[in-house]
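Colleague: Please find the sequence and the predicted model below.
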Amino acid sequence: MLTFPAKSHLLPANAKKPIRLHRELADNWTNKYPMLKTNKIIASIILVLIGHLSFSQQLSMDFENLISDENPYGKLNPAAPRSVGDYEPLIGICDCKSTSRKADQSWAEPIDMTWTFKYIMNGMAVQDETLKADGAHSGSIRQYSTDSARWYVHYYSTSTSTPTLGAWEGYLQDNGEMILYRKQQSPNGLDGFFKIRFYDISDDGFNWIGAWVTTDESFSYETWRIDCTKRKE
């Protein structure tokens, strides 16, 4: 005999009523049409499936900023803090050239890379992913805090696995550049930061520089450059 849970821990409260309603409808059908009594289980299953379809449609209506065929990179939620839109010009795919320092401090040959930005969590945050020709892929989750008026960027990569993600923090400058910092000592133990700078941001692309800087930024040593062109779709 098919039974229905009296209480669901997986669905919101407003999703429980349809399940009870389906059971009542199934009973009504089988009482009205005795021939259906032997097929009560089938009738109940059909009604539950219809309910799940209605629930899925309701989710689609409630979370209209999710990634979809119409919006492959999601949409900014109108209810999100205004600054969540700071990355709007970057949303989409860019074709990039990534260049980093070698051990001898010279610059290596550029590596082809794609960099994709998209809205996540129903348009309340931003996620990005890089795919590099050398197989060293990476990504990050970007969340804006209204309490500190800062972005917190949690970074991860295929080159290393860690139980705790490193985080950069910063904000969009008045000149349109996105500047982020993370505390990091130099190889000889000097206190400083690894500074990330998005600049020359436009609908056509952007440039990116990663550099180690002293705490007062009187000294800067660039270690990574990325030049990106927005892909037209």
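Modeller: Thanks, I have the structure now.

Colleague: In the sheet, which residues pair with the spatially closest residue to L190 that is not a sequence neighbour? Tell me.
Modeller: Leaving aside its sequence neighbours, L190 sits nearest to T214 (C-beta to C-beta, 6 or more residues apart in numbering; 7.0 Å). Where you see a C-beta, it was placed from the backbone N, CA and C, and this is true even at glycine. Note on T214: beta-bridge partners by DSSP bridges are G192.

Colleague: Spit out the contact partners of T214.
Modeller: 190-192, 220 (C-beta atoms under 8 Å, 6 or more residues apart in numbering).

Colleague: Equivalent analysis for E217, please.
Modeller: Contacts of E217 (C-beta under 8 Å, 6+ apart): K195.

Colleague: which SS class is it?
Modeller: coil (DSSP: H, G, I helix; E, B strand; the rest coil).

Colleague: The helix or strand containing D128: partners in the sheet, and parallel or antiparallel?
Modeller: Using DSSP states H and E, D128 sits within strand 125-132. Sheet partners assigned to strand 125-132 using DSSP bridges are listed as strand 111-120 (antiparallel), strand 138-145 (antiparallel).

Colleague: Run through the protein and note the low-pLDDT ranges.
Modeller: 1-61 (pLDDT under 70).

Colleague: Now do the strands in it.
Modeller: 92-100, 111-120, 125-132, 138-145, 150-157, 166-172, 178-183, 192-202, 205-214, 220-230 (DSSP state E).

Colleague: by how many degrees do the third one and strand 220-230 diverge?
Modeller: Inter-element angle recorded for strand 125-132 and strand 220-230: 90 degrees (by axes from the mean of the first three to the mean of the last three C-alpha atoms, to 10 degrees).

Colleague: and what of the first one?
Modeller: Taking the same axes, to 10 degrees, one finds that strand 92-100 is oriented at 150 degrees with respect to strand 220-230.

Colleague: Pull up the pairing partners for strand 92-100, direction included.
Modeller: Sheet pairing for strand 92-100, using DSSP bridges, gives strand 111-120 (antiparallel), strand 220-230 (antiparallel).

Colleague: one step back: can I get the strands paired with strand 125-132 in JSON lines including mean neighbour count and distance to C228?
Modeller: JSON lines is the format used below for the strands paired with strand 125-132 (neighbours: other C-beta atoms under 10 Å; distance: least, C-beta to C-beta, whole Å):
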{"stretch": "strand 111-120", "mean neighbour count": "19", "distance to C228": "6"}
{"stretch": "strand 138-145", "mean neighbour count": "18", "distance to C228": "14"}
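
Colleague: Alright, calling it a day.
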